[in-house]
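Student: give me the fold of what follows.
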Amino acid sequence: MIATMLTGVLLLLCCTGGTAAFFLSELGDETEKADALASWGCGPIRPVDIAGELPRFAEYGDAQIRNAAIIIKVGQDMGVPSRGWVVALATAMQESALRNLANSGVPASLALPHEGVGADHDSLGLFQQRPGWGSVTERMTPAYTARKFYEKLVKVRSWQRRPLTAVAQQVQISAYPDAYAKHEELASRIVNALSGGAARTIEINGKAVCNAAERGQIAASGWTAPIPGGVGSGFRTSSRPSHNGVDIGAAKGTEIRAAATGRVLVARCDPDDRGRRDCDVDGHPGKGGCGWFVDLLHAGGYITRYCHMVSQPRVSPDQIVPAGEVIGQVGSSGNSSGPHLHFEVHLRNDRTSRGAIDPIPFMRERGAPLRSAE
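Tutor: Next up is the predicted model:
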């Protein structure tokens, strides 16, 4: 599988290099660390400069983005894979809005510079950690709290593959575990901006590979390509202006995977133009309908659609499906001229054609590009 991923068009935009198989903190000087990070090869991957000029985000001020930089830098220094930086950042975004929060329960003798008052009498800092995480002084030190978070994160079983919400909850034990997911998209954007694109990488044999998330491998952004085939018919072409997705060629029976963690909105047979629900037979051009199909709702209001499955989907409405989980198999049901996956991406929770966007740039930005047909 890995050999296939590292050949042909797939790696046209990708490079490989050393990554989290070692702790960067064990390397020598800063130059050596920079060289190691640059070898990741996902564009200008670089160690975060927490003292330098940082990019601006409308959602956060300079102090908050500097706290984000500290969280990412600690992850880099510890050698935590970049998926961990996204998880840590999303967690801190939910817990403190990236502000180093103190509260009225802190004794005056232990008062430290801080950026606001927390809601909980004994939860402090970027991650709102409680007394068991360390002293007041330690919990009010951003680098310390980030390190403690990562130390617990990497002990969570299969943390790189599991949904961000589930992993963050296992570390934090929050009263509102579902709230973390809404920050994943922006956390990925901040990681990319501060590190030079690390949210687009996946880990393969101890090396980071850029823009290659497929076959169940999940990019640090939390996304993966639904199947590894090449795109044939594109989004709203001149010959097919109402084609609201892309067609990815693949053999019948090829496993289709959830492109990101999401909740199943629809999993059923789409009726054809005559109202017939006969998805268990191959369709034909002009028949109409999506055949057997699935719609998934993801954090951020994104919806992905998977059409023309060979048989009834393996998932059911309201089921939570992790990224990379098999949801069905490629077929040719519905309005189809042969086995392929019709794949759509929609914005703003809008399942109609008004919400549809071109999946190719969308998936490429998340490190899970849809390949061109070879």
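Student: which parts of the stretch 151-300 of the chain are helices?
Tutor: Here the stretch 151-300 of the chain has its helices, by DSSP state H, counting those that start in this stretch, at 164-172, 184-195.
Student: average pLDDT for the shortest one?
Tutor: Spelled out, that is helix 164-172. Helix 164-172 shows a mean pLDDT of 94.
Student: list the contacts of it.
Tutor: Residues outside helix 164-172 that contact it (Cβ atoms under 8 Å, 6 or more residues apart in numbering) are 86-87, 90-91, 94-95, 127, 149, 152-153, 156, 159, 174, 177-178, 180-181, 184, 222, 261. All C-beta atoms are positioned from the backbone trio N, CA, C, and that covers glycine.
Student: point out the most buried one among the helices of the stretch 151-300 of the chain.
Tutor: Of all these, helix 184-195 carries the top mean neighbour count, a mean of 24, counting by mean count of other Cβ atoms under 10 Å.
Student: which secondary structure elements does that one sit against?
Tutor: helix 62-78, helix 82-96 (3 or more Cβ pairs under 8 Å, 6 or more residues apart in numbering; DSSP states H and E).
Student: got the helices of the stretch 151-300 of the chain as CSV, with distance to Ala68 columns?
Tutor: Below are the helices of the stretch 151-300 of the chain laid out as CSV (distance: least, Cβ to Cβ, whole Å):
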stretch, distance to Ala68
helix 164-172, 16
helix 184-195, 5
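Student: and of those, who's closest to Ile72?
Tutor: With Cβ to Cβ, the closest approach to Ile72 among the helices of the stretch 151-300 of the chain belongs to helix 184-195: 5.5 Å.
Student: what's the angle between the closest one and helix 82-96?
Tutor: For helix 184-195 against helix 82-96, the angle by axes from the mean of the first three to the mean of the last three Cα atoms, to 10 degrees is 120 degrees.
Student: so helix 184-195 versus helix 164-172, what angle?
Tutor: 80 degrees.
Student: hmm, back to that, just the buried ones from the contacts of helix 164-172?
Tutor: With burial judged by 16 or more other Cβ atoms under 10 Å, the buried subset of the contacts of helix 164-172 is 86-87, 90-91, 94-95, 127, 149, 153, 156, 159, 174, 180-181, 184, 222, 261.
Student: list the contacts of Ala260.
Tutor: 222-224, 296, 298-299, 302, 304, 323.
Student: 6 Å instead, please
Tutor: With contacts defined as Cβ atoms under 6 Å, 6 or more residues apart in numbering, Ala260 is in contact with 222-223, 298, 323.
Student: which of the helices and strands packed on helix 184-195 sits most buried?
Tutor: helix 82-96 (a mean of 27).
Student: what mean pLDDT does that helix get?
Tutor: Mean pLDDT, computed over helix 82-96, is 96.
Student: angle of it against helix 62-78?
Tutor: 140 degrees.
Student: identify the residues contacting helix 82-96?
Tutor: With contacts defined as Cβ under 6 Å, 6+ apart, helix 82-96 is touched by 68, 71-72, 75, 98, 126-128, 149, 153, 160, 164, 167-168, 179-180, 183-184, 187-188, 191, 198-199, 201, 220.
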